[in-house]
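Asker: predicted model and sequence follow; I will ask about them next.
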Amino acid sequence: MTHSLQDMRQQAAIAAKVFIQRDYTNGTVCQFQTKFPSELETRIDKQQFEETVRTLNNLYAEAEKLGGSSYLEGCLACLTAYTIFLCMETHYEKVLKKIAKFIQEQNDKIYAPRGLLLTDPIERGLRVVEVTIFEDRSLGR
Amino acid sequence: MYLGLDEPVRECQYNQICTRNSLPMETLGHKKKKIPRRKWQVFPGRNRFYCNGRVMMARQTGVFYLTLVLIMVTSGLFFAFDCPFLASNLTPAIPVIGGVLFFFVLGMLFRASFSDPGVLPRATPDEAADLERQIGAANGPSGPGYRPPPRTREVVINGQTVKLKYCFTCKIFRPPRASHCSLCDNCVERFDHHCPWVGNCVGKRNYRFFYLFILSLSFLTVFIFAFVITHVILRSNRTGFLSALKDSPASVLEVLVCFFSVWSIVGLSGFHTYLISSNQTTNEDIKGSWSNKRAKDNYNPYSYGNILTNCCAALCGPLPPSLIDRRGFIQSDTPQPVSHSNGSSMYASTQLHTHMAAATPLLHSNSVMIGGGGPPFPGKSSLVVPCASLAPSQPSLPSMPGLSCAGDMLTLRDPDTHCHHHHFASPEETPSPSGPMPLTLPCAAHMTHGGHIHPAQLYDPASQDSLHEDSVRGLVKLSSV
């Protein structure tokens, strides 16, 4: 049985969107709340979800970490009048790519099979993690 | 057959089919002919973009050109008239060092002026609706025309209670240290101040460039001042003071400019050095957010405790990327944030459909419009926002760039009076009987008008198609047959 792309897309209607807000208890670093939203209770395991958010938080912490390597990068950039970033990516950008890959992976393996979709927070200005809940509707049988 | 929601693992699989960054032209055949627009072209703030979105500045750039002219003319005169004498009579290192300083100053100025200060993108309609719902649930039911109580959230950061304010223009709860710039109409992260001399806001992403600019400009000013004086003195020893002045008239102009600049710029550099070492923003310092005078146990929760760490964090810490992706292409299914034009909230058709679909299970359409039609005027901000709107109109001396920045700070001290002057009527966070109330009446009228449109469009089958096309990216359910 074949279905056109249109038909198949129409089946996946958005039922709701949940927004995981930022957690500012550690200051202005990018961290998201690990509290499990009630709307997802029927769709996904609490542990799994919290694990995803915790890993995301760790990745963002790594991006914003102050340490020897970030200071070195900063000083080198200043000495070259920031022209070095024309050839090189900043540490933050490298970690953002890692995060994008992580989210893609999580979507493919865990969230899409359950009718959920995580949106990369960078597309929402690092304000929220948007979880789109799709309606469960199987094709006509 | 519709299977119950309580069965998490389905026999049908969802597969991702669409790749991420495809242009609108590729996903929808009938839109092939349309040239995709870049996001900066529909940016809701009051900014100006140049070089196809690579350069981002505030709307008023006149004073920036003045800064540029002052620096270039003074330095140009120095290199043309004083350097030949100094190079031959003292050492050629002088023009070399001067040159290096000059290029560094210009580089930092351009970097501070042209980069994104850390603008927070406005909330998408879904997010705004979700927040409205949460706030509405917290505040209780309210009819149209009644101004809801102030929207704040409290959070404890390192032991200090910090209030997060809701921004009516951007429809977000501002992160700590963020502030809404009324001149640029954007929320900026770690907002320091809006600098007309640099033609941009100074925030998280360009604070280090701004600081290095004023620091290097202090050195350059002192350098030029010192060596021009040296030049005049050396010449006077040979030919007498008056004829020395006659031989190099440019020196007089340079000395004048530098003399007045030194006090203000060196002062400003010192002030910002203090701010960096205590990890405060100009905004916080002026409001006295962390001063002991406010409360006995008041302290700065963001400080690392150690001057060196604070300095390193501000100057050499990781540079966060721009959140607004100004050169990205607009995807037809990407929700565009609501942009407030005077008196109306306009929703693009795509976000309308996405919004309604998301809104239906979440809340009623009425409360959506309350959120959208709240304060109808752009640039609404809480009273504590630095109102540097008067800075450009202040008759500050052109040769005192630093003083005008200090001038910015002076206007910040009494935001109440100035904000009322600048905005149409700065809506207070607490309802007041006279001022803002009339504003809500046209707003209420708009709301009901808007409310009538939506239900009809919700059930239009054609719009349902575009709704699904626009909002569902690549989730396909394969039949299990």
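Answerer: Now that the structure is in, tell me what you want to look at.

Asker: secondary structure class for the residue of the stretch 151-300 of chain B found nearest chain A?
Answerer: Closest residue of the stretch 151-300 of chain B to chain A, CB to the nearest CB: B:V155 (4.7 Å). Where C-beta positions appear, they are placed from N, C-alpha and C, glycine not excepted. Following DSSP: H, G, I helix; E, B strand; the rest coil, B:V155 is assigned to strand.

Asker: where does it land on pLDDT?
Answerer: B:V155 carries a pLDDT value of 88.

Asker: and A:T34, by the same measure?
Answerer: A:T34 is assigned 91 on the pLDDT scale.

Asker: so how far is chain B from it?
Answerer: Remark: distance between A:T34 and chain B (CB to the nearest CB, to the nearest Å) = 15 Å.

Asker: stretch B:46-55 vs chain A: in contact?
Answerer: No: using CB under 8 Å from any CB of the partner chain, we find that stretch B:46-55 stays clear of chain A, coming within 12.3 Å at best.

Asker: what sits against the residue of the stretch 151-300 of chain B closest to chain A?
Answerer: Counting by CB atoms under 8 Å, 6 or more residues apart in numbering or on different chains, B:V155 touches A:Y24, A:T25, B:T161, B:V162, B:L164, B:P176.

Asker: list the contacts of B:R208.
Answerer: B:A314, B:L315, B:L319.

Asker: by contact count, what packs against the helix or strand hosting the first one?
Answerer: Same thing as B:A314. Element membership for B:A314, per DSSP states H and E: helix B:307-316. If you count contacts as 3 or more CB pairs under 8 Å, 6 or more residues apart in numbering or on different chains; DSSP states H and E, helix B:307-316 packs onto helix A:68-79, helix B:207-239, helix B:250-277.

Asker: excluding chain neighbours, what is closest to B:L215?
Answerer: B:S269 (5.1 Å; CB to CB, 6 or more residues apart in numbering or on different chains).

Asker: was I right to think that neighbour contacts B:L220?
Answerer: No: with contact defined as CB atoms under 8 Å, B:S269 does not count as touching B:L220 (11.5 Å).

Asker: settle it for me: which of these two has more neighbours?
Answerer: B:L220 (25 against 20; other CB atoms under 10 Å in any protein chain shown).

Asker: ok, now which ones touch the more buried one?
Answerer: Counting by CB under 8 Å, 6+ apart, B:L220 touches B:I71, B:S75, B:G98, B:L101, B:F102, B:V105.

Asker: can you rerun that using 10 Å?
Answerer: Neighbouring residues of B:L220 by CB atoms under 10 Å, 6 or more residues apart in numbering or on different chains: B:71, B:74-75, B:78, B:97-98, B:100-102, B:104-106, B:258, B:261, B:265.

Asker: what is the nearest of those to B:R327?
Answerer: Nearest to B:R327, judged by CB to CB, of those is B:L106 at 23.9 Å.

Asker: surely the closest one meets B:M72?
Answerer: Yes: in terms of CB atoms under 10 Å, B:L106 counts as a neighbour of B:M72; the distance is 8.0 Å.

Asker: which one of these two is surrounded by more residues?
Answerer: When neighbours are counted by other CB under 10 Å, B:L106 and B:M72 differ, and B:L106 comes out ahead with 19 against 12.

Asker: what's the closest non-adjacent residue to the more buried one?
Answerer: Excluding its sequence neighbours, the residue lying closest to B:L106 (CB to CB, 6+ apart) is B:I71, at 7.1 Å.

Asker: next one: B:S322
Answerer: Closest residue to B:S322 apart from its sequence neighbours, by CB to CB, 6+ apart: B:D116 at 4.2 Å.

Asker: wait, the one you found sits on B:F209?
Answerer: No: contact criterion CB under 10 Å: B:D116 and B:F209 do not qualify, at 11.5 Å.

Asker: ok, those two, which is more surrounded?
Answerer: Shown here are B:D116 and B:F209; by other CB under 10 Å, B:F209 has more neighbours (26 against 23).

Asker: now do the same contact list for that one.
Answerer: B:F209 sits next to A:78, A:82, B:107-115, B:117, B:198, B:200, B:202, B:315, B:319 when contact means CB under 10 Å, 6+ apart.

Asker: look at the residue nearest to B:P121 when sequence neighbours are not counted and report its pLDDT.
Answerer: Spatially, and ignoring its direct neighbours in sequence, B:P121 is nearest to A:G125 (3.9 Å; CB to CB, 6+ apart). pLDDT for A:G125: 89.

Asker: ok, A:G125 - how many residues close by?
Answerer: When counting by other CB under 10 Å, one arrives at 23 neighbours for A:G125.

Asker: likewise the one 4 residues further on?
Answerer: A:V129 sits with 21 neighbouring residues when counted by other CB under 10 Å.

Asker: what's the local residue count around the closest residue to chain B within chain A?
Answerer: Residue of chain A nearest chain B, by CB to the nearest CB: A:G74 (3.0 Å). Look at A:G74: counted by other CB under 10 Å, it has 23 neighbours.

Asker: got the angle for the lengthiest helix in chain A vs helix A:68-79?
Answerer: Among the segments of chain A that qualify as a helix by DSSP state H, the longest is helix A:46-63. Orientation check (axes from the mean of the first three to the mean of the last three CA atoms, to 10 degrees): helix A:46-63 against helix A:68-79 gives 40 degrees.

Asker: buried sites along helix A:46-63?
Answerer: Neighbour counts over helix A:46-63 (16 or more other CB atoms under 10 Å in any protein chain shown) mark A:F49, A:T52, A:V53, A:L56, A:N57, A:L59, A:Y60, A:A63 as buried.

Asker: gap between the fifth one and A:E64?
Answerer: Which is A:N57. 11 Å (CB to CB, to the nearest Å).

Asker: find residues that contact each of these two.
Answerer: In contact with both A:N57 and A:E64: A:V29, A:C30, A:Q31, using CB under 10 Å, 6+ apart.

Asker: these: which ones sit near chain B?
Answerer: Applying CB under 10 Å from any CB of the partner chain to the shared contacts of A:N57 and A:E64, one finds that A:C30 fall near chain B.

Asker: once you drop chain neighbours, what's closest to the residue of the stretch 301-450 of chain B found nearest chain A?
Answerer: Ranked by CB to the nearest CB, the top residue of the stretch 301-450 of chain B for proximity to chain A is B:C316, at 3.0 Å. In space, and not counting its chain neighbours, B:C316 is closest to A:G74: 3.0 Å by CB to CB, 6+ apart.

Asker: what's near enough to touch the spatially most central residue of chain A?
Answerer: Nearest residue to the geometric centre of chain A (CA atoms, centre = their mean): A:D120, 3.6 Å. Contacts for A:D120 (CB under 10 Å, 6+ apart) come out as A:L56, A:L96, A:I99, A:A100, A:F102, A:I103, A:Q104, A:N107, A:L126, A:V129, A:E130, B:R20.

Asker: just the ones of the contacts of B:L220 in helices?
Answerer: The helices, defined by DSSP H, take in B:71, B:74-75, B:97-98, B:100-102, B:104-106, B:258, B:261, B:265 from the contacts of B:L220.

Asker: may I have the distance across stretch B:171-187, first residue to last?
Answerer: 10 Å (CA to CA, to the nearest Å).

Asker: near chain A, anything from that stretch?
Answerer: Yes: Stretch B:171-187 is in contact with chain A by CB under 10 Å from any CB, via B:I172, B:F173, B:P175, B:P176, B:R177, B:A178, B:C187.

Asker: quick one: the second one and B:A128 touch, right?
Answerer: Same thing as B:F173. No: here B:F173 does not reach B:A128: they are 11.1 Å apart, not a contact under CB under 10 Å.

Asker: can you pull out the low-pLDDT segments for the chain?
Answerer: Reading this off chain A. A:1-12, A:137-141 (pLDDT under 70).

Asker: switch to chain B, that's the one I care about
Answerer: For chain B, the ranges with pLDDT under 70 are B:1-33, B:138-150, B:332-481.

Asker: in contact with residue 74, which residues are there?
Answerer: Using chain A. Applying CB under 10 Å, 6+ apart to A:G74 gives the contacts A:66, A:82, A:90-91, B:208, B:312-319.

Asker: if you could check chain B rather than the one you did, that'd help
Answerer: Applying CB under 10 Å, 6+ apart, one finds that B:T74 lies in contact with B:102, B:220-221, B:224-225, B:228, B:250, B:253-258, B:261, B:399.
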